[in-house]
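Undergrad: Fold the following for me, if possible:
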Amino acid sequence: MSRAKILISLLDKRLYLYINDSIHSSYPIAIGKASTPTPTGNFKILEKVRNPGGPFGSRWMRFFNGYGIHGTNNPSSIGKAVSNGCIRMHNSNVNILYNLVPIGSEVIIKESFFERS
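TA: Coordinates of the predicted model:
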């Protein structure tokens, strides 16, 4: 069975999906605004919901308390720091991710994974 891991770079506003320690795909995301930042650290996917509706779009994957990776009913928000701390994705992208990431998969959120010069 393949192992999925999600790395999220807040600075780059990108989500990277690794499967069996190899990069599988990368997606643009929206992150938390300054007053409600996205939490950083190591988490796991705790819950998955199809069609949660409203601002959560087509899929919801909870990784910590009320925080999750989800779709959106506001696609123009992707690429910005506008959420209440959740990770927003285009619905088409979160649908793909949802199908590849089982409950228990690791989620690592950092400011950045890359050195800047």
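Undergrad: List of residues touching stretch 9-25?
TA: Residues outside stretch 9-25 that contact it (Cβ atoms under 8 Å, 6 or more residues apart in numbering) are 2-8, 26-31, 38, 40, 69, 79-81, 87, 89, 96-97, 100-101, 109-114. C-beta coordinates here come from the backbone N, C-alpha and C atoms, glycine included.
Undergrad: got it, and stretch 37-50?
TA: Here stretch 37-50 has contacts from 6, 8, 10, 31-32, 56, 58-64, 67-68, 83, 85-87, 98, 101-111, using Cβ under 8 Å, 6+ apart.
Undergrad: at 6 Å what do you get?
TA: 31-32, 60-64, 85, 101, 103-110 (Cβ atoms under 6 Å, 6 or more residues apart in numbering).
Undergrad: Which residue, other than its chain neighbours, is closest to Arg88?
TA: Ala30 (3.8 Å; Cβ to Cβ, 6 or more residues apart in numbering).
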